[in-house]
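Colleague: Sequence and predicted structure are below.
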Amino acid sequence: MTRTNQPSCRFCGTRLQHTFVDLGMSPLCESFLPAEHLNQMEPFYPLHVHVCEKCFLVQLEAYVTPEHIFTDYAYFSSYSDSWLAHAKKYTDQMVNRFSIGEKSFVVELASNDGYLLQYFAEEHVPVLGIEPAANVAAVATKKGVPTLVRFFGRETARELLASGKQADLLLGNNVLAQVPDINDFVAGMKILLKPGGVITMEFPHLQRLMEENQFDTIYHEHFSYFSFLTAEKIFAAHGLTLFDVEELTTHGGSLRIFARHAEDSSKPVGPCVTGLRQREESAGYTRLETYSRFADQVKETKRKLLEFLIHAKRGGKKIAGYGAPGKGNTLLNYCAIRTDFLDYTVDRNPYKHGRFLPGTHVPIFPPDRIRETKPDFLLILPWNLKDEIMKQNSFIREWGGKFVVPIPEVHVHE
Ligand SMILES: [Zn+2]
């Protein structure tokens, strides 16, 4: 197959000619459909992921503009208890480690509904959220978290700087992956960061995605997938040094990187940085062959999941989904799992109730539906929250119901 408009790497500009994985055509994973749209055409876009042979940034072309994806966003961070607990713990940790207090200024990029900054605000720390989705930003403002409805980059950073604002702590959770112009975004952080300030960013770790087969975390909203080595390269190109890194269990395994100005010698580069760098190098993350093996593993997972579902349906079993996360939509569309396998799914987010999953048109109900219909199997789509979900829904065992976790490969919890 030849293409005339071959894409180029969003970081280094090299022409992209190596496939990481091709998940076919998929709708936008947060475009939940109201009933009146079910008979209309639905746009599908490629989920064809490339890896750059020069900087090893794994990336998806921005087939859809972020303006289209993020201006009316269905994801409210505050609907997950464990994510709120994560945010609270982070706040305490930053307050202690970097002496963040009433005289500091904390800025969060993609601050969503204020799920995190609310904890700094409780400690009387001045905060500012920057969030492009007006509907979620409005919720944050109501909570007392001042929020600027904007995309972030050099321009926004310069405007804030011009009004005398620079951040002591600049943070972003799960936003780095969602930025089409990564160079503009990181350059903006360099501008907005106070001379002695600290940046923390959390993003899913590519090594975990690959080793644990988390291909369903690939969707159109996620433009980039980072190893530590590649993240370090990108920050260094903009005068920022990664001086610490933590490995987190969130979103199936994330990194929290700590960055500072390259000129700021008060924070030496710690042993976790050199340790992780070496680990990735010896695991082959600077060699193309390591990346090209991933696609076969993904195909095998699809075959195994379909085998399980076909067997269960042949046995007359009822299967329902739990959750309606973005990753679920990648999985269901790639595997072509519709209401022929899944009767319905449930979600705690009322925005989704009465709507249908994009592409597969599986209906979404409130969680009460599970007690009413007593399914034999509950397929947990947000597998990163599986412990929390199995605990909340342990009542399905009353009628012999079992939990099924699809990733890294299909597993039934008796
Ligand atoms: Zn590149």
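Modeller: Yep, that arrived. Numbering: from 1, shown residues only.
Colleague: Quick check: Val149 touching Glu131?
Modeller: Yes. Using Cβ atoms under 8 Å, Val149 is in contact with Glu131, at 6.4 Å. Yep, even glycine has a C-beta here, placed from its N, CA and C like the rest.
Colleague: count of residues packed around the closest residue to the ion within the stretch 301-414 of the chain?
Modeller: Per Cβ to the ion, Thr330 is where the stretch 301-414 of the chain lies closest to the ion, at 23.7 Å. Using other Cβ atoms under 10 Å, the number of residues around Thr330 comes to 23.
Colleague: and it, what does it touch?
Modeller: Residues near Thr330 by Cβ atoms under 8 Å, 6 or more residues apart in numbering: 23, 26, 29, 47, 215-219.
Colleague: one step back: of Val149 and Glu131, which one has the most company?
Modeller: Glu131 (29 against 17).
Colleague: on that earlier part again, contacting residues for the residue lying closest to the residue of the stretch 301-414 of the chain closest to the ion once chain neighbours are set aside?
Modeller: Nearest non-adjacent residue to Thr330, counting by Cβ to Cβ, 6 or more residues apart in numbering: Asp216, 4.5 Å away. Contacts for Asp216 were tallied using Cβ under 8 Å, 6+ apart; they are 327-328, 330-331, 334, 406-407.
Colleague: what separates Asp216 from Glu202, distance-wise?
Modeller: Separation of Asp216 from Glu202 (Cβ to Cβ, to the nearest Å) stands at 19 Å.
Colleague: ok, of the contacts of Thr330, which one's closest to His251?
Modeller: Relative to His251, the closest of the contacts of Thr330 is Thr217; by Cβ to Cβ it sits at 7.1 Å.
Colleague: What is the neighbour count of Arg154?
Modeller: Counted with other Cβ under 10 Å, the neighbours of Arg154 add up to 18.
Colleague: picking up where we left off before, between Val149 and Glu131, what contacts are shared?
Modeller: Taking Cβ under 8 Å, 6+ apart as the contact rule, Val149 and Glu131 both touch Ala137.
Colleague: Quick check: the gap between Glu67 and Ala134.
Modeller: Distance from Glu67 to Ala134, by Cβ to Cβ: 12 Å.
Colleague: which of these two has more neighbours?
Modeller: For Glu67 versus Ala134, neighbours defined as other Cβ under 10 Å are more numerous around Ala134 (13 against 9).
Colleague: Tell me the first helix or strand C-terminal of the helix or strand containing Tyr225.
Modeller: For Tyr225, the host element (DSSP states H and E) is strand 224-225. Where DSSP H and E defines the elements, the next helix or strand beyond strand 224-225 is helix 228-237.
Colleague: Can you confirm whether that next one lies near the ion?
Modeller: No. Contact between helix 228-237 and the ion is absent, the nearest approach being 8.1 Å (criterion: Cβ under 5 Å from the ion).
Colleague: likewise stretch 170-183?
Modeller: No. Stretch 170-183 stays clear of the ion (Cβ under 5 Å from the ion), getting no nearer than 10.1 Å.
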